[in-house]
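Chemist: Have a look at this prediction, sequence included:
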Amino acid sequence: MPKPPIAPDELPEPTDPSLDGGSPDTSYDLPPELDDDAPKRRRGGAAKGAPADAELETLDDAEFTAVSRPRAPALKVGIAVAAVLAIGGGLLWYRSAHRARTVRQALVEAETLMRLDTAAAYRAAADKLDAPAQMDPVAAGSARAFALAMLACDYRDAAADAAADELLVAPERAETVPDQAYLARAALALGKRAMGDASNAASRAQGRNVWADALQARIAMAADRLSAAVEPSAAAAADGAFAAGLAVQGDVARRARRDPAAARAAYTAALAAAGDLGASPRATFGLAKLALAGQMPPAEAMTGLERLLQDGRVPAPERGRAALHLAALRLRAGDGGGAQAALDLAGLDPDARAWAERAARVAAARRGVYRAPVDAPASLQSRTDDDPPEAEPPPPPPPPEPRPVARPAKALAKASAKAPAKASAKPAAKKAAAAHGGKSTAAKKAAKKKATER
């Protein structure tokens, strides 16, 4: 038979372990997953044996939440610092990339300008590279130094010479010296007529840069080694749009190879590459020399000279040389007034004007191979018109007198055998003539005496 249920008043009263000396460790606790108040008790730390932190024992939920988040501000600061660093790094990267892109673009545009081979183009290239040279003193600084060095070499610009030399300090100390630095040093040496230094510097960039070939050809011609200029000039002219190389190729064909057709083609191609910054003075003068030598019609050469003379961006010496060649061609065509007008337009000083008038008359009267006039004043000397001066050749000496023809030995023997007979016959004839002359004289005296006695 089942037991009856226990009445509520008969149930035992719950005992407090703390009252009867029991240990709390021996009491039974519900598992945490079944006890809803377990987190509160753990946070409160009310149980015995928990860390003795009086402050945490008395905290409620809101206060505990506020104290349990001490790392949130530090995390925000770290995130902010990381963001600032990332933005700063991005800005630095963008600035570096922008500077590199600016330098590269300026180098390309400056190279295009310098290939035109005019004073205005070299100056525009140097100006374009002014700011990039401060960003990149090695690459852009070398290119700007080369533009200034060409101004100093071809157009005698002393300020450009000093500026180029200063710009070359950083590139020449670099671990890898750019080709443009070698070319700039070669151009400066060529302007000072230091041919050995110029050739050595240009050779450092030869094979990698057409400017090195053009400079080597010019160095060889300036040293009067025309045969040594043939190969580098051909390499420089291989680029059909390189006006500087084509003009040098024309000079080599005219002076070294004596090929006026090839020279004219090279000069014409150089002038065809001209842009808004003018035409190559070297190519313009080359056509004028072919016309003065009678190797091409003068009209084409005169057109280029007129354009060069009227361009105010062209330095004074080059405009003076253009006036000289133009005056000579106009004099040859019978246009004396046009010749004087060309010299007037050049604005020469009195001494230079007098010299130019004499040189133009000599060039107009001369025929055959072109010869540069001698003793040109400084205001009319140009590195772009650098044929060596040649004086008029002296007149040929008179032909020598004809020498007596040597007679054979037999004829000499016969002549010597006949000579004594003739010699002995001559005294007898003289005596007979003297006797006959004496008789006639005596007869004349006797006849005169008779006439007197009568």
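Modeler: Structure received.
Chemist: which residues of the stretch 301-450 of the chain score low on pLDDT?
Modeler: 391-397, 401, 403-450 (pLDDT under 70).
Chemist: cutoff 80 now
Modeler: Residue ranges of the stretch 301-450 of the chain with pLDDT under 80: 390-450.
Chemist: How about the stretch 101-250 of the chain?
Modeler: Ranges of the stretch 101-250 of the chain meeting pLDDT under 80: none found.
Chemist: what are the ranges of the helices in it?
Modeler: 119-128, 130-135, 139-155, 158-167, 169-173, 179-191, 195-203, 210-222, 230-236, 243-255 (DSSP state H, counting those that start in this stretch).
Chemist: Which of the three states applies to residue 307?
Modeler: helix (DSSP: H, G, I helix; E, B strand; the rest coil).
Chemist: hang on, it packs against residue 280?
Modeler: No - applying CB atoms under 8 Å as the test, residue 307 and residue 280 come out as separate, 11.5 Å apart. Just so you know, the C-beta spots here come from the backbone N, C-alpha and C atoms, and that holds for glycine as well.
Chemist: In terms of neighbours, single out the busier of the two.
Modeler: Using other CB atoms under 10 Å as the criterion, residue 307 and residue 280 rank with residue 280 on top: 27 against 16.
Chemist: wait, what's in contact with that one?
Modeler: Residue 280 sits next to 116-118, 243-244, 247, 270-271, 273-274, 384 when contact means CB atoms under 8 Å, 6 or more residues apart in numbering.
Chemist: can you do 6 Å?
Modeler: Residue 280 sits next to 117, 243, 247, 270 when contact means CB atoms under 6 Å, 6 or more residues apart in numbering.
Chemist: do residue 250 as well
Modeler: 263, 266-267, 286.
Chemist: burial of the closest residue to it other than its chain neighbours, as a residue count?
Modeler: For residue 250, ignoring the flanking residues on the chain, the nearest one in space by CB to CB, 6 or more residues apart in numbering is residue 266 at 3.6 Å. Neighbourhood size, residue 266 [other CB under 10 Å]: 25.
Chemist: Residue 389 too?
Modeler: By the criterion of other CB under 10 Å, residue 389 has 12 neighbours.
Chemist: Make 22 the first number, not 1, from now on.
Modeler: In the new count, where the first residue is 22, that last one comes out as residue 410.
Chemist: what's the closest of the helices of the stretch 122-271 of the chain to residue 98?
Modeler: helix 151-156 (35.8 Å; CB to CB).
Chemist: Can you tell me what sits against the closest one?
Modeler: Residues contacting helix 151-156 (CB under 6 Å, 6+ apart): 120, 124, 127, 161-162, 165.
Chemist: which parts of that helix are buried?
Modeler: 153-154, 156 (16 or more other CB atoms under 10 Å).
Chemist: how's this structure carved up into domains?
Modeler: The record assigns the chain these domain ranges, following automatic domain parsing: 103-226, 304-410.
Chemist: Next, the distance between the ends of the longest one.
Modeler: End-to-end distance for domain 103-226: 47 Å, by CA to CA, to the nearest Å.
Chemist: And stretch 153-162, by the same measure?
Modeler: Stretch 153-162 end-to-end distance (CA to CA) = 8 Å.
Chemist: do the same with stretch 142-161
Modeler: 17 Å.
Chemist: Report the buried residues of the helix or strand where residue 348 lies.
Modeler: Per DSSP states H and E, residue 348 falls inside helix 337-353. By neighbour count on 16+ other CB under 10 Å, the buried set for helix 337-353 is 338-353.
Chemist: Please list the outside residues in contact with that helix.
Modeler: Residues contacting helix 337-353 (CB under 6 Å, 6+ apart): 302, 309, 319, 323, 326, 329-330, 359-360, 363-364, 367, 369, 377, 381, 384-385, 401, 403, 406.
Chemist: what's around residue 359, how many residues?
Modeler: 15.
Chemist: Please produce JSON lines containing the helices of the stretch 122-271 of the chain, extended by distance to residue 334.
Modeler: As requested, those are exported to JSON lines (distance: least, CB to CB, whole Å):
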{"stretch": "helix 140-149", "distance to residue 334": "4"}
{"stretch": "helix 151-156", "distance to residue 334": "19"}
{"stretch": "helix 160-176", "distance to residue 334": "11"}
{"stretch": "helix 179-188", "distance to residue 334": "15"}
{"stretch": "helix 190-194", "distance to residue 334": "29"}
{"stretch": "helix 200-212", "distance to residue 334": "20"}
{"stretch": "helix 216-224", "distance to residue 334": "27"}
{"stretch": "helix 231-243", "distance to residue 334": "22"}
{"stretch": "helix 251-257", "distance to residue 334": "25"}
{"stretch": "helix 264-276", "distance to residue 334": "16"}
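Chemist: Of all those, which one comes closest to residue 104?
Modeler: That would be, of the helices of the stretch 122-271 of the chain and by CB to CB, helix 151-156, which comes in at 28.6 Å.
Chemist: can you tell me which of the buried residues of helix 151-156 lies nearest to residue 109?
Modeler: For these, the nearest to residue 109 is residue 156 (19.8 Å; CB to CB).
Chemist: ok, the closest one to residue 117 distance?
Modeler: 10 Å (CB to CB, to the nearest Å).
Chemist: Drop anything exposed from the contacts of helix 337-353.
Modeler: 302, 309, 319, 323, 326, 329-330, 360, 363-364, 367, 369, 377, 381, 384-385, 401, 403, 406.
Chemist: Could you list which of those belong to helices?
Modeler: 302, 309, 319, 323, 326, 329-330, 360, 363-364, 367, 377, 381, 384-385 (DSSP state H).
Chemist: How about the contacts made by the residue nearest to residue 271?
Modeler: When contacts are counted by CB under 6 Å, 6+ apart, residue 287 touches 267, 270-271.
Chemist: Please repeat the previous calculation with a cut-off of 10 Å.
Modeler: 254, 258, 266-275, 280, 304, 307 (CB atoms under 10 Å, 6 or more residues apart in numbering).
Chemist: and the two most separated of those?
Modeler: Using CB to CB, those span at most 16.8 Å, a distance reached by 266 and 280.
Chemist: out of these two, which sits in the busier spot?
Modeler: A direct count of neighbours by other CB under 10 Å for residue 266 and residue 280 places residue 266 higher, at 29 against 16.
Chemist: surely that one meets residue 137?
Modeler: No - assessed by CB atoms under 10 Å, residue 266 is found out of contact with residue 137, at 11.8 Å.
Chemist: Overlap in contacts, these two.
Modeler: By CB under 10 Å, 6+ apart, the residues touching both residue 266 and residue 137 are residue 291.
Chemist: that older thread, please check the contacts of residue 287 and keep the buried ones.
Modeler: 254, 258, 266-275, 280, 304, 307.
Chemist: before we move on, back to that, can you redo the contacts of residue 271 as CSV with secondary structure and pLDDT?
Modeler: Shown next, in CSV, are these (DSSP: H, G, I helix; E, B strand; the rest coil; pLDDT from 0 to 100):
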residue, secondary structure, pLDDT
284, helix, 96
287, helix, 96
288, helix, 96
307, helix, 96
